[in-house]
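Colleague: have a look; sequence and predicted model below, questions after that.
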Amino acid sequence: MKPRTMFNPRDQPIQPIAVLQPYIRHFGMLEDDIPCGETKAFKMIADGCPGLIFQENANSFLDKDGNKLPQLFIHGLTSSNSQKTATGKYRNIGVYFQPTAIKAIFGIDAHELTDRYLDLNEVVKNDLADQLLSDDETDKRIAILSDFLARQIAKNKYPENRKSSYAVARINTDHDDGLSAIQSDLNLSERSLERIFKTDIGISPKLFFRICRFQAALDSVRRRTFNSLTEIAYQHSYADQSHFIREFREFTGATPKQFLACADEQELNFPEWKL
């Protein structure tokens, strides 16, 4: 059966309401009905953003170790690449957060969730899954999620850190010396900037820059708007083509050529991997 893509962020992203835009990039949906006995492999690609996932069928997705994913869970920033598999029928809604959202919404240090996921009930007791299961219309489910997240933000005693948000907004993926300018703008030492990033984003400033640079280069690969990989490498401040390919492999688990041949991105940075 051919997958049905109800939402494609490249074409028609579902935007959050205005009050949630500092915390949420967009909502997404992934849906299919896999024939009995078959499985699909998906890659998680480093993208610099955490998220929240609701699975209508709690048994549909497994993590890289073969463990069933919770019906409703949050995940931190992915700093490398990973894999998930799916079976049967699935219909998932994803909330794609801004890089600083974990601390700002849930009040927990972002590094505690880096490369990890947790059942939402382990973070905050809730009946959100039951609410979402009570209505199968996508727009109503998004309204339920939005209301829950707005209430979380309102009662969280750790509001958005303006310094970390400023640093994220100022990352320049074409110049690898931009972090020193951010430190100067914020009047912070290198160590202080690292502490802010660890708490609010989950990784070091240098690793976050590398992921952002990789994502900018990945967009060029997706669009095939390049004459050579060397051109992409120099455009995004890689030392050379080999440096770019090594980093691409680190964050996707594949070379650019393999990515173009195998990745079917119904959702950006979570492609079905077709061999």
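Modeller: Great, that's in hand. Owing to the predicted nature of the structure, the values given are computational and were not obtained by experimental measurement.
Colleague: can you give me the helices in this structure?
Modeller: For the chain, the helices defined by DSSP state H cover 101-106, 120-123, 128-133, 138-155, 162-170, 178-186, 190-200, 205-223, 229-235, 241-252, 256-262.
Colleague: quick one: low-confidence parts of the chain?
Modeller: 1-12, 176 (pLDDT under 70).
Colleague: can you give me the domain boundaries for it?
Modeller: 18-158, 162-272 (automatic domain parsing).
Colleague: okay, these in JSON lines with mean neighbour count next?
Modeller: Backbone N, C-alpha and C define where each C-beta goes, glycine included. Output for the domains of the chain, formatted as JSON lines (neighbours: other C-beta atoms under 10 Å):
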{"stretch": "domain 18-158", "mean neighbour count": "18"}
{"stretch": "domain 162-272", "mean neighbour count": "17"}
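Colleague: redo the helices of the chain as a markdown table? Include distance to Ala86.
Modeller: Shown next, in a markdown table, are the helices of the chain (distance: least, C-beta to C-beta, whole Å):
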| stretch | distance to Ala86 |
| --- | --- |
| helix 101-106 | 25 |
| helix 120-123 | 20 |
| helix 128-133 | 19 |
| helix 138-155 | 19 |
| helix 162-170 | 31 |
| helix 178-186 | 38 |
| helix 190-200 | 32 |
| helix 205-223 | 22 |
| helix 229-235 | 31 |
| helix 241-252 | 19 |
| helix 256-262 | 16 |
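Colleague: wait, which of these is closest to Arg91?
Modeller: Closest approach to Arg91 among these (C-beta to C-beta): helix 138-155, 9.2 Å.
Colleague: give me the contact list for the closest one.
Modeller: Helix 138-155 is touched from outside by 6, 14, 16-17, 19-20, 23-24, 27, 29, 52, 54, 93, 95, 104-106, 124, 126, 128, 131-132, 135, with contacts defined as C-beta atoms under 8 Å, 6 or more residues apart in numbering.
Colleague: got it, and stretch 209-227?
Modeller: Here stretch 209-227 has contacts from 45-48, 79, 171, 173-174, 176, 178-179, 203, 232-233, 235-238, 244, 247-248, 251-252, 256, 259-260, 265, using C-beta under 8 Å, 6+ apart.
Colleague: quick one, phi psi at the residue most central in space within the chain?
Modeller: Nearest to the mean C-alpha position of the chain, by C-alpha atoms, centre = their mean, lies Cys49 at 3.8 Å. With angles defined as degrees, to the nearest 10, Cys49 sits at phi -130, psi 140.
Colleague: didn't it look like it was pressed against Phe97?
Modeller: Yes - contact criterion C-beta atoms under 8 Å: Cys49 and Phe97 qualify, at 5.7 Å.
Colleague: now for the two: what residues contact both?
Modeller: Listed as contacting both Cys49 and Phe97 by C-beta under 8 Å, 6+ apart are Arg25.
Colleague: what's the separation between Cys49 and Asn92?
Modeller: 16 Å (C-beta to C-beta, to the nearest Å).
Colleague: err, Gln15, not the other one
Modeller: From Gln15 over to Asn92 (counting by C-beta to C-beta), the distance is 19 Å.
Colleague: same question, Lys257
Modeller: 29 Å.
Colleague: same check on Arg224?
Modeller: Arg224 sits 28 Å away from Asn92, going by C-beta to C-beta.
Colleague: then Leu179?
Modeller: Taking C-beta to C-beta, one finds Leu179 at 35 Å from Asn92.
Colleague: now do Val221
Modeller: Taking C-beta to C-beta as the measure, Val221 falls 26 Å from Asn92.
Colleague: hang on, Ala129 packs against Gln71?
Modeller: Yes - contact status for Ala129 versus Gln71: in contact at 5.2 Å, counting by C-beta under 8 Å.
Colleague: identify the contacts common to the two.
Modeller: Shared between the contact lists of Ala129 and Gln71 (criterion: C-beta under 8 Å, 6+ apart) are residues Phe54.
Colleague: check contacts around Asp136.
Modeller: Contact analysis of Asp136 by C-beta under 8 Å, 6+ apart lists Glu56.
Colleague: oh, I was asking about Leu62
Modeller: By C-beta under 8 Å, 6+ apart, the neighbours of Leu62 are Lys68, Leu69, Lys84, Thr85, Ala86, Thr87.
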